[in-house]
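**Student:** Everything below, folded, please.
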Amino acid sequence: MSVGTESTSTTATMPVDVRIMTRAELALRGVSLEAPVRRPDGAGPSDDGQFVLGDGLVGCANAALPTNPDSPYSVRDGRVWLGDEDTGLTLEPVRRPKFYDLMTADGIRYERIARLHGADVLATTVVQTCIRYSEADRCRFCTIEESLRSGATVAAKSPTQLAEVTEAAVRLDGVRQMVMTTGTTTGPDRGARVLVRSVRAVLGAVPGLPVQVQCEPPRDLAWIRALHDAGATAIGIHVEALDDSVRRRWMPSKSTVPLTEYEAAWDEAVRIFGPNRVSTYLLVGLGEDPDELIAGAGGLIDRGVYPFVVPFRPMSGTLAARDGITGPGAELLRYVTEGVAAKLRAAGMRGVDQKAGCAACGACSVLPSAGG
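**Tutor:** Coordinates of the predicted model:
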């Protein structure tokens with residue numbers, strides 16, 4: 001089985017679980033199979049199809065995988081094959097949800113307001129523009145405004161629209177949790193204000209639905225309390241990298257928010273939401289030293305913050321893809337994922353315990369297969 005070319009001083013001493021290695025390769029190389037439910041661009045890290053994967057480790061779980069006709073992995077009779085080798089994994093595409101076929105009274109398809117992630121997670125970018133999206137400022141892995149330019153979504157989703165679509169998704173398609181993210185807005189809330197209104201509206205229509213909100217660290221930390229009081233179950237405050245030189249190279253504008261602001265926001269969020277109700281993205285493949293990344297993730301875990309480790313994949317429309325930057329190798333992804341998962345297990349932190357959000361869904365990460 002092929003692996004990436006990256007190495008570290010300690011990889012040779014660690015036993016490799018073939019199933020986790022295969023899961024890492026699938027995350028990067030994808031699978032030769034069409035998917036009825038896809039998310040081609042937007043604020044997230046991947047241009048993927050949505051699947052349910054069974055790996056023999058944690059049972060069936062959401063998986064967001066590239067649909068790649070050139071992948072060495074194929075699916076026959078619901079099983080994943082590498083050439084003539086049965087990998088022991090099962091894979092089923094997520095069915096197109098019924099709510100996608102509905103429209104609002106003013107003629108907007110529900111699919112343009114919120115989308116299905118995995119089998120049972122509804123996700124939306126409430127404000128599809130970002131003050132950091134100019135050529136000089138934008139994060140090199142982000143395509144938040146490309147889906148707007150393509151007509152796949154609308155610039156701003158009203159609380160009324162979100163409530164209407166969420167109610168239908170829960171009733172018709174069994175959605176069990178929701179993720180609300182936003183482009184960064186002006187003002188000290190940095191996007192939290194619109195999330196507060198949106199959470200209140202959604203929970204008014206679907207009481208008790210677990211909802212994760214995602215935004216940059218608000219300048220005024222009182223917004224974290226406001227998000228909790230609106231009814232949010234969990235919060236994601238995403239830093240993507242912990243090395244300042246990597247942050248400046250990949251996120252020229254976002255990196256002007258110092259790590260001390262993230263730390264203050266994480267600590268306040270843990271105080272209000274509780275441990276393991278706060279998460280942050282860490283992208284593997286941006287050039288950060290893998291051992292330092294694992295150690296930094298351990299520091300986050302000590303704070304009560306879940307480090308959601310995800311491979312960088314250069315989506316079409318990103319500056320990284322334009323410049324020919326490639327993603328990490330599977331060995332590097334496997335190594336970092338297993339290192340972080342070991343720290344999560346030692347702390348008794350699991351993504352599924354967050355009830356809502358990226359870590360609870362787990363589709364974009366290999367962490368669930370590694371026991372995180």
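**Student:** same for the helix-or-strand element of the chain with minimal mean pLDDT, what does it pack against?
**Tutor:** When the helices and strands of the chain are scored by mean pLDDT, DSSP states H and E, strand 38-39 comes last with a mean of 78. Strand 38-39 sits against strand 48-54, with contacts defined as 3 or more Cβ pairs under 8 Å, 6 or more residues apart in numbering; DSSP states H and E. Using the backbone N, CA and C atoms, a C-beta is placed for each residue, glycine as well.
**Student:** Just checking: what are the partner strands of the strand it packs on?
**Tutor:** Paired neighbours of strand 48-54 in the sheet (DSSP bridges): strand 38-39 (antiparallel), strand 60-65 (antiparallel), strand 85-93 (antiparallel).
**Student:** What is the subsequent helix or strand relative to the longest one?
**Tutor:** Later in the chain than strand 85-93, the nearest helix or strand by DSSP states H and E is strand 115-117.
**Student:** Can you tell me what sits against that following strand?
**Tutor:** 37, 39, 50, 62, 64, 94, 97, 100, 122-124, 169, 173, 175, 179, 361, 363 (Cβ atoms under 8 Å, 6 or more residues apart in numbering).
**Student:** And for stretch 338-353?
**Tutor:** 14, 17, 20, 275-276, 279, 282, 290-291, 294, 297-298, 301-302, 306-309, 359-362, 365, 367-368, 370-372.
**Student:** Quick one: neighbours of Ala123, just the number.
**Tutor:** 24 (other Cβ atoms under 10 Å).
**Student:** typo on my end, Ser365
**Tutor:** 31.
**Student:** That one in helix, strand or coil?
**Tutor:** Here Ser365 is recorded as coil under DSSP: H, G, I helix; E, B strand; the rest coil.
**Student:** Quick check: pLDDT value at it.
**Tutor:** Here, the pLDDT recorded for Ser365 equals 95.
**Student:** residues contacting Asn95?
**Tutor:** Asn isn't right for residue 95; it's Arg. Residues in contact with Arg95, defined by Cβ under 8 Å, 6+ apart, are Pro36, Val37.
**Student:** State the distance from it to Gly107.
**Tutor:** 25 Å (Cβ to Cβ, to the nearest Å).
**Student:** again with Leu53
**Tutor:** 36 Å.
**Student:** Between those two, point out the one with more neighbours.
**Tutor:** Neighbour totals were compared for Leu53 and Gly107, and Leu53 leads with 25 against 6 (other Cβ under 10 Å).
**Student:** Hmm, Thr87 and that one touching each other?
**Tutor:** No: in this structure, Leu53 is not within contact of Thr87 by Cβ atoms under 8 Å, at 10.6 Å.
**Student:** residues near Asp86, how many?
**Tutor:** 10.
**Student:** who touches it in this structure?
**Tutor:** Counting by Cβ under 8 Å, 6+ apart, the residues that Asp86 touches are Arg79, Val80.
**Student:** Would you mind listing which of the contacts of stretch 338-353 are buried?
**Tutor:** Neighbour-count burial (16 or more other Cβ atoms under 10 Å) applied to those gives 20, 275-276, 279, 282, 290, 294, 297-298, 301, 306-309, 359-362, 365, 367-368, 370-372.
**Student:** Now intersect the residues you listed with the strands, please.
**Tutor:** Secondary structure defined by DSSP state E assigns Ser279, Leu282, Tyr306, Pro307, Phe308, Val309 of those to strands.
**Student:** For Met178, list each beta-bridge partner.
**Tutor:** Going by DSSP bridges, Met178 forms beta bridges with Leu122, Val211.
**Student:** residue ranges for the helices of this structure, please.
**Tutor:** For the chain, helices defined by DSSP state H occupy the ranges 18-29, 146-149, 159-173, 192-205, 222-230, 244-250, 259-273, 290-303, 319-322, 330-347, 358-361.
**Student:** list the buried ones in stretch 64-81?
**Tutor:** Ala64, Leu65, Pro66, Thr67, Asn68, Ser71, Pro72, Tyr73, Val75, Val80, Trp81.
**Student:** Nearest to Ile325 among the residues you listed?
**Tutor:** Pro66 (16.0 Å; Cβ to Cβ).
**Student:** contacting residues for the closest residue to Ala155 other than its chain neighbours?
**Tutor:** In this structure, Ala155 finds its nearest non-sequential neighbour in Gln128, 5.2 Å apart by Cβ to Cβ, 6 or more residues apart in numbering. Neighbouring residues of Gln128 by Cβ under 8 Å, 6+ apart: Gly42, Ala43, Ile144, Glu145, Ser147, Leu148, Thr153, Val154, Ala155, Ala156, Gly183.
**Student:** same deal with Pro159?
**Tutor:** Arg197, Ser198, Arg200, Ala201, Val202.
**Student:** One more: Phe312?
**Tutor:** Contacts of Phe312 by Cβ under 8 Å, 6+ apart are Pro45, Phe141, Leu283, Val284, Gly285, Leu286, Ala320, Gly327, Pro328.
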